[in-house]
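Asker: Make a model of this:
(2 chains)
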Amino acid sequence: MVFSNKTFKFIIAAFLVCLSFTGFANPTQDTIQTPTQTTAATAHDAHGEEAASHETHGEPTDLKSKIEAYKMHHVLDAHDFTLFSDEAEGKHYGFPLPIILWDNGLQIFSSSKFNHGESVAESNGNYYRIGHDEKIYKVDGPTGELTGDHHHPTNVKPLDLSITKSVLVMFVVAFIMVWVFTGLAKSYAKNGGISAGFGRLFEPIVLYIRDEIAIPNIGEKHYKKYMSYLLTVFFFVWFLNIFGLTPLGINVTGNIAVTAGLAIITALITNFTANKTYWGHIFWMPGVPTPMKIILAPIELLGVIIKPFSLMIRLYANIFAGHVVLMSLIALIFLFKSWIGGSLSFLLSFALSTIEILVALLQAYIFTMLSALYFGSANEEHHHDEAHH
Amino acid sequence: MEKLVNDFSFGLFFWQMLIFIGLIFLLKKFAWKPILDSVNEREEGIRNALLSAENARKEMANLQADNERILQEARMERDAMLKEARELKEKMISEAKSEAQAAAQKETEKAKAAIASEKNAAMAELKTQVSSLSLEIAEKLLKDELSNKEAQVKLVEKMLGDTKLN
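Answerer: Numbers count the residues shown, from 1 in each chain, chains lettered A, B, ... in the order given. Model (predicted):
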């Protein structure tokens, strides 16, 4: 697998440049032209996601609160895919997604019925409303309102299995992965054992995961059965992280449910493939005095839960924080409303989004690396006797 | 922590698990296994090619050493043959020489023996002639004695003198 170093660098550089243009071009232009009366509107226009809906629920309308609300909404999942919205006209550009609820039978309807949180949706005589936390609540009738405060309504929540924005993006990423990697797999046979095509770009990464992550951490003997999971989780997290950096307003890996799912699978694989030595180390640590063994057992047992928990929090917090900081910096452009402040924030957000690309790769790497490390500990050979006797 | 629990959406979790586990199995069957197999096969191929190249190199060196050895052996054999031939030649010459010598000696011995026997025969003949001569003399003497005593004595004396001279 050889490709010119220069070309590769050029592609990366071009990608970086394009990313900043698509992501931040509009806000920068707006600051330069400074149409002050519409700045707030264009802010939402550029990244907009149901910003207009807040006003109808009696939210504060000053710029700072709007930015806060916008950030809150961005990092949450959404029941429709809004590309941008026009606050002045209250229009949203995007497409609705299917809502699937389990509430006395399956209820399937389009999210367009919610009218971006403004109206009550009706399905088979049941009435639903979307809260500010992007969750669906059941209301009494066509004019029903949510009870309790805005962010924690006390209404009944039906089981929500909707194809939300994040689910849709995960499906897209899954399709891309299947397409890219089956393409790569097929290219070997076609090309006499040498990869070809677009998937070829990822072959060195596949080899890196095998040679630098799986084999050193798990060992030559056992690494093969974990390769499928390690490769899948690496590319899944990486692609989702990269998707999160596009200006489509996606935040999948910065969602606790997603990282929890990944961490749970790592934990399940670790504990179900663990050998006797691993459990021996947890319940009856060899080589320490008996009272210590009794003290260590609950600590080690706690470690079984803490390990995947740290995986979950690490990925979630990194991506979530990255998105929030990046959006805050972009929001600064609209708060400054000046040439100097605007360009400064632009440069800062550009620099940060460059770092975020690195973080996207790094977090995928760390998740894979630590998973491999846990699998390795589950497969450790019994060699402590020599060390202690 | 409360925010985390609040943010947790079961629907998303459900779909994520479904998509992700599905993806693992799908990619395992259609991507990772063939990719890793092909890569392994390729690496194995490279390793084998390197190994066989190394073997070929060794074999070449062996062959060269063999050639050298065979050449050396041939050279030695040639030298040995030449030496042997030279020895043989010398041996033949010396043998022929000694044979010729022996034959010459034999001839001389034979000649000597012949000479000796001839001599002996001649001596024997001389002896018989001498004896017959003596007899004749004696006869003549005897005859003369009968006729002339003087003459007889003279003759005997003369004869004796002759014999002495003889």
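Asker: Tell me the residues on chain B that lie near chain A, please.
Answerer: B:4, B:6-17, B:19-24, B:26-28, B:30-36, B:38-39, B:41-42, B:45 (Cβ under 8 Å from any Cβ of the partner chain). C-betas here are computed from N, CA, C, even on glycine.
Asker: Any regions of the stretch 1-150 of chain A where pLDDT drops low?
Answerer: Across the stretch 1-150 of chain A, the ranges flagged by pLDDT under 70 are A:1-61, A:149-150.
Asker: for the longest helix seen in chain B, what is the average pLDDT?
Answerer: Longest helix of chain B, by residue count under DSSP state H: helix B:33-147. With pLDDT averaged residue by residue, helix B:33-147 scores 91.
Asker: C-alpha coordinates for the next helix or strand after it, PDB please?
Answerer: In the C-terminal direction, the helix or strand that comes right after helix B:33-147 (DSSP states H and E) is helix B:149-165. C-alpha atoms of helix B:149-165 as PDB (Å, rounded to 0.1, in the frame of the first residue of the first chain):
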ATOM      1  CA  LYS B 149     120.600-101.000 -27.600                       C
ATOM      2  CA  GLU B 150     122.500 -97.900 -28.000                       C
ATOM      3  CA  ALA B 151     120.000 -96.200 -30.100                       C
ATOM      4  CA  GLN B 152     117.400 -97.300 -27.700                       C
ATOM      5  CA  VAL B 153     119.000 -95.500 -24.800                       C
ATOM      6  CA  LYS B 154     119.600 -92.500 -27.000                       C
ATOM      7  CA  LEU B 155     116.000 -92.400 -28.000                       C
ATOM      8  CA  VAL B 156     114.800 -92.800 -24.400                       C
ATOM      9  CA  GLU B 157     117.000 -90.000 -23.300                       C
ATOM     10  CA  LYS B 158     115.900 -87.800 -26.100                       C
ATOM     11  CA  MET B 159     112.300 -88.600 -25.400                       C
ATOM     12  CA  LEU B 160     112.700 -87.900 -21.800                       C
ATOM     13  CA  GLY B 161     114.400 -84.700 -22.600                       C
ATOM     14  CA  ASP B 162     111.500 -83.800 -24.900                       C
ATOM     15  CA  THR B 163     109.100 -84.700 -22.300                       C
ATOM     16  CA  LYS B 164     110.800 -82.600 -19.800                       C
ATOM     17  CA  LEU B 165     110.800 -79.700 -22.200                       C
END
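Asker: on contacts alone, who are the packing partners of helix B:149-165?
Answerer: Applying 3 or more Cβ pairs under 8 Å, 6 or more residues apart in numbering or on different chains; DSSP states H and E, we find helix B:149-165 packed against helix B:33-147.
Asker: which helices and strands sit right next to the helix it packs on?
Answerer: helix A:165-190, helix A:203-208, helix B:149-165.
Asker: Can you give me the domain assignment for chain A?
Answerer: A:78-163, A:166-388 (automatic domain parsing).
Asker: is the first one anywhere near chain B?
Answerer: Put plainly, it is domain A:78-163. Yes: judged by Cβ under 8 Å from any Cβ, domain A:78-163 comes into contact with chain B at A:100, A:133, A:135, A:152, A:159-163.
Asker: May I see the ChimeraX selection of the buried members of the residues of chain B next to chain A?
Answerer: Buried members of these can be picked out in ChimeraX with the line below, counting by 16 or more other Cβ atoms under 10 Å in any protein chain shown:
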select /B:7,9,11,12,13,14,15,16,17,19,20,23,24,26,27,31,32,34,35,36,38,39
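Asker: thinking again about what came up before, now tabulate the residues of domain A:78-163 next to chain B in CSV and tack on neighbour count and secondary structure.
Answerer: Shown next, in CSV, are the residues of domain A:78-163 next to chain B (neighbours: other Cβ atoms under 10 Å in any protein chain shown; DSSP: H, G, I helix; E, B strand; the rest coil):
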residue, neighbour count, secondary structure
A:Ile100, 18, strand
A:Asp133, 17, coil
A:Lys135, 21, coil
A:His152, 13, coil
A:Leu159, 13, strand
A:Asp160, 22, strand
A:Leu161, 20, coil
A:Ser162, 22, coil
A:Ile163, 18, coil
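Asker: May I ask which two of those are separated the most?
Answerer: Maximum pairwise distance in the residues of domain A:78-163 next to chain B, criterion Cβ to Cβ, is 25.1 Å, between A:His152 and A:Ile163.
Asker: what sits against the nearest residue to A:Thr143 once chain neighbours are set aside?
Answerer: Nearest non-adjacent residue to A:Thr143, counting by Cβ to Cβ, 6 or more residues apart in numbering or on different chains: A:Val120, 7.1 Å away. Contact partners of A:Val120, counting by Cβ atoms under 8 Å, 6 or more residues apart in numbering or on different chains, are A:127-129, A:139, A:141-144.
Asker: if I pick A:Asp80, what's in contact with it?
Answerer: A:50, A:92, A:94-97, A:111-112, A:114, A:116, A:165.
Asker: Secondary structure element for A:Leu101, which one?
Answerer: Secondary structure (DSSP H and E) places A:Leu101 in strand A:98-102.
Asker: quick revisit: can I get the domains of chain A in a markdown table with distance to B:Leu160?
Answerer: Listed next are these as a markdown table, based on distance: least, Cβ to Cβ, whole Å:
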| stretch | distance to B:Leu160 |
| --- | --- |
| domain A:78-163 | 180 |
| domain A:166-388 | 140 |
